[in-house]
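Novice: Got a sequence here, can you build the structure:
(one chain, ligands or ions: 2)
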Amino acid sequence: MKKKQRKELLKIRGSLDRNQVREKSKIICEKILQFPSFQKASTVMLYLPFRNEVDVMPLIEHLWQENKRVVIPVCEPKNIVIVPSELRDLEEDLAPGTWGILEPKADKMRPVAPEELDCVIVPGVAFDEACNRLGYGGGYYDRFLPRLKEQTPKIAVAFAMQIVPSLDPDPYDIPMDLVVTEDKVYSRP
Ligand SMILES: Nc1nc2c(c(=O)[nH]1)N(C=O)[C@@H](CNc1ccc(C(=O)N[C@@H](CCC(=O)O)C(=O)O)cc1)CN2
Ligand SMILES: Nc1ncnc2c1ncn2[C@@H]1O[C@H](COP(=O)(O)OP(=O)(O)OP(=O)(O)O)[C@@H](O)[C@H]1O
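Specialist: Numbering: from 1, shown residues only. Ligands and ions are numbered 1, 2, ... in the order given. Next up is the predicted model:
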């Protein structure tokens, strides 16, 4: 069920061209910059976009300009955990890792405890209007999100085409606080 939905949604998202991804991503980032929960945060976890994910690079640049800490998820496939690591320099710190997603080189790992994160921007394959999330199926975020402080906002970003009528969440699925698309912002009911 999840598998089929994932494949279908990835295909739909894959149909966007570069310009569409860039234009829609720009609108999404502009919305996020207005959120008090984002503005107040001094340590923010985002992700380095791959395939046709929402491009959040403008947010990374913005955070650095404000002297805030940018943290990215690093996968440890061996034990299916995400290690949050502070990113300081796009050129110096990174190299392609698992699945071709950029990751810090070994000597550029700067682990940050999940409790230190003030805001987390979450990627995903599909979301529903109740802010449930479908990921790539690795279970990485499902295991990571419960380690955040309860009050840390989880803000998902997606294109409008990634919103489905309903996902049937598993007991371990943690809903997002907000899902932001180029057309609309959904809040957790
Ligand atoms: N940009 C970005 N970084 C991220 C994530 C993400 O969703 N986006 N993650 C979010 O978790 C973690 C990486 N998780 C991933 C898990 C699976 C696949 C993947 O490509 N899986 C295969 C199928 C694997 C299988 O056999 O089940 C595929 O889709 O082809 C990619 C990333 C951490 N970093
Ligand atoms: N909190 C958890 N503890 C233990 N196992 C989990 C947990 N969350 C998910 N899993 C397992 O991980 C696998 C993937 O889960 P699921 O299909 O929900 O991933 P996803 O949310 O799509 O992916 P991701 O979180 O990586 O983006 C499933 O086999 C599930 O049983």
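Novice: And the spatially most central residue of the chain, what's its pLDDT?
Specialist: The residue lying closest to the centre of the chain (Cα atoms, centre = their mean) is Val122, at 2.4 Å. Per-residue confidence for Val122 comes out at a pLDDT of 98.
Novice: Who does it form a beta bridge with?
Specialist: With DSSP bridges as the criterion, Val122 is bridged to Ala156.
Novice: For the longest helix seen in the chain, what does the pLDDT average out to?
Specialist: When the chain is parsed with DSSP state H, its longest helix is helix 18-34. For helix 18-34, mean pLDDT is 98.
Novice: buried ones in that helix?
Specialist: Buried residues in helix 18-34, counted by 16 or more other Cβ atoms under 10 Å: 21, 24-25, 28-29, 31-32. In short, each C-beta sits where N, CA and C put it, glycine included.
Novice: ok, and what's touching that helix?
Specialist: By Cβ atoms under 8 Å, 6 or more residues apart in numbering, the residues outside helix 18-34 that reach it are 16, 38-39, 52, 54-56, 58-59, 62, 121, 155, 157, 159-160, 180-182, 185.
Novice: which residue ranges form the helices in this protein?
Specialist: 2-14, 18-34, 36-39, 57-65, 90-93, 140-144.
Novice: And those: which comes nearest ligand 1?
Specialist: helix 140-144 (3.6 Å; Cβ to the nearest ligand atom).
Novice: Contact partners for the residue of the chain at minimum distance from ligand 2?
Specialist: Nearest to ligand 2 in the chain, going by Cβ to the nearest ligand atom, is Gly135, at a distance of 1.7 Å. Applying Cβ under 8 Å, 6+ apart to Gly135 gives the contacts 123-125, 141-142.
Novice: What parts of the chain come near ligand 2?
Specialist: 2, 134-143, 170, 172 (Cβ under 6 Å from any ligand atom).
Novice: What is the burial count for the nearest residue to Lys149 once chain neighbours are set aside?
Specialist: Nearest residue to Lys149, sequence neighbours excluded (Cβ to Cβ, 6 or more residues apart in numbering): Glu115, at 5.5 Å. Per other Cβ atoms under 10 Å, the neighbour tally for Glu115 reads 9.
Novice: Leu63 against Val70, yeah?
Specialist: Yes. Proximity of Leu63 to Val70 meets the contact threshold set by Cβ atoms under 8 Å, at 5.1 Å.
Novice: what about Lys3, how many neighbours?
Specialist: If we define neighbours as other Cβ under 10 Å, then Lys3 has 8 of them.
Novice: tell me which parts of the chain are close to ligand 1?
Specialist: Contacts of the chain with ligand 1, taken as Cβ under 6 Å from any ligand atom, map to 47-50, 53, 73, 75, 82, 99, 101, 123, 135-138, 140-141.
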